[in-house]
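# Got a sequence here, can you model it:
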Amino acid sequence: MIEIIPNWHPILVHFTVALLSISVILHLAVLVADKASWRRAALTVARWNLGLGIAFAALTLASGFYAYLTVTHDEPAHLAMIDHRNWALATVAVFALLGLWHWMRHRGDAAVKKRFAALMVVGGLLLTVTAWKGGDLVYGHGLGVRSLPEVSGEGHGSATGEDHDQEDASVEAASGAAVSDDRHDRMPEAALATDGPAGALNAFRKALGSGDKDAVLAALAADVAIYESGFIEASRDAYASHHMGADMAYIGAIKTTVTSQKVHSMGDMAMVLTESRMTGTYREQTVDRISLETAILHKTADGWKVIHLHWGGRPTGE
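Numbers count the residues shown, from 1 in each chain. Take a look at the predicted model:
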């Protein structure tokens, strides 16, 4: 079971949705019930479902955060994950407060207060939106589907589009000129830097775009630190197991036009700053972003190695 479902969030969330939804429906039903005996029975079941639903919601939230940090994903999926997480936090908070309110004020009541029932409806609407957004993560972005990392190479996710955008940006950026070529927007070979820190960074970018895993890893120092929108890949191995595949998939689908690039050399150290515009369509979503990248390289006996990357960006026009 664990090998088939690496995260328990998809299982727990069904209990949460079912229990809380039934609780909402029964609380409303009690308001219109004619028979006192039926109202008492329905109210008992409604309260039990509310309590159990809150308990499962806590477990669902915990497993959701684990999935948020571990499930392979790309940049559009990460943005959707953040949105789903925020709705989930609001939903759980509302039901938790309702459960506390009920326990403190209404547990001995034989009827449902209209105000309480109205707030249960609000919680039910929040639950519906949260569940819909969670479903979109699976059916719209393919999260949790084991075959996707093999097919599209999605990794820990450049947590945001900015991050993946950056990657393309730097491939072209290493040459310091605007890009104009095939759909990957590669620069003509004659214009590419072939040595120095810019050349090493360019080789890294080309390897990402072509899906050459060995060349990508060869360009990185073993202890490379890659920062992406609040996430850190603290080593070459971590990058290879999480984020690298997603970058390859993204770069292969998005066009990059470098608008500026600066190289600052400091002996055996160099810093390359790149700004690019990323455009195109990735997984049926339109991309149009300004990407920013900071790369730090160290000159070793084997040539320049990337020891730090920091990717960020914003939608064009902001």
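
# Got the phi and psi for the nearest residue in space to Lys299 that is not next to it in sequence?
Using CB to CB, 6 or more residues apart in numbering and skipping the chain neighbours, the partner closest in space to Lys299 is Asp268 (4.2 Å). The way it works is simple: take the backbone N, C-alpha and C, and place the C-beta from them, glycine included. Main-chain torsions, Asp268, degrees, to the nearest 10: phi -90, psi 10.

# how many other residues sit next to Asp268?
10 (other CB atoms under 10 Å).

# Can you read off the pLDDT for it?
Asp268 carries a pLDDT value of 92.

# now Ile4
Value for Ile4, per-residue pLDDT: 47.

# which residues touch Thr91?
Counting by CB atoms under 8 Å, 6 or more residues apart in numbering, Thr91 makes contact with Ala57, Gly123, Leu126, Leu127, Val129, Thr130.

# Isn't the last one up against Trp87?
Yes. Counting by CB atoms under 8 Å, Thr130 does reach Trp87; the two are 4.3 Å apart.

# sorry, back to before: which of the contacts of Thr91 sit farthest apart?
Of all pairs drawn from the contacts of Thr91, the greatest distance, 14.7 Å, lies between Ala57 and Val129 (CB to CB).

# ok, these two, which is more surrounded?
Counted by other CB under 10 Å, Ala57 and Val129 do not tie: Ala57 has more neighbours, with 26 against 16.

# which stretches of the stretch 201-318 of the chain form strands?
Assigned strands in the stretch 201-318 of the chain, in chain order: 220-228, 231-233, 254-266, 269-282, 285-300, 303-315 (criterion: DSSP state E, counting those that start in this stretch).

# After the longest helix anywhere in the chain, which helix or strand is next?
Determined from DSSP state H, the single longest helix within the chain is helix 36-70. Later in the chain than helix 36-70, the nearest helix or strand by DSSP states H and E is helix 75-101.

# Between the strands of the stretch 201-318 of the chain, which one is closest to Tyr68.
Closest approach to Tyr68 among the strands of the stretch 201-318 of the chain (CB to CB): strand 231-233, 10.4 Å.

# before we move on, the earlier item: out of the strands of the stretch 201-318 of the chain, which gets nearest to Leu31?
strand 285-300 (43.3 Å).

# That closest one to strand 220-228, inter-axis angle?
Between strand 285-300 and strand 220-228, the angle comes out at 140 degrees (axes from the mean of the first three to the mean of the last three CA atoms, to 10 degrees).

# From the chain's centroid, how far away is strand 285-300?
Centroid displacement of strand 285-300 relative to its chain, using CA atoms, centre = their mean, to the nearest Å, is 18 Å.

# OK, contacts around Ala215?
Ala203, Phe204, Lys206, Ala207.

# Could you rerun that using 10 Å?
Neighbour list for Ala215: Ala203, Phe204, Lys206, Ala207, Leu208 [criterion: CB atoms under 10 Å, 6 or more residues apart in numbering].

# tally of neighbours for Ala46?
Considering only other CB under 10 Å, Ala46 is surrounded by 23 other residues.

# Check Thr286 too.
By the measure other CB under 10 Å, the count of residues near Thr286 is 8.

# quick one on the thing from earlier: for the longest helix of the chain, name the packing helices and strands.
Under the contact definition 3 or more CB pairs under 10 Å, 6 or more residues apart in numbering; DSSP states H and E, helix 36-70 sits against helix 9-32, helix 75-101, helix 114-139.

# Which strands or helices does the first one pack on?
To tie it back to what came earlier, the one meant is helix 9-32. helix 36-70, helix 75-101, helix 114-139.
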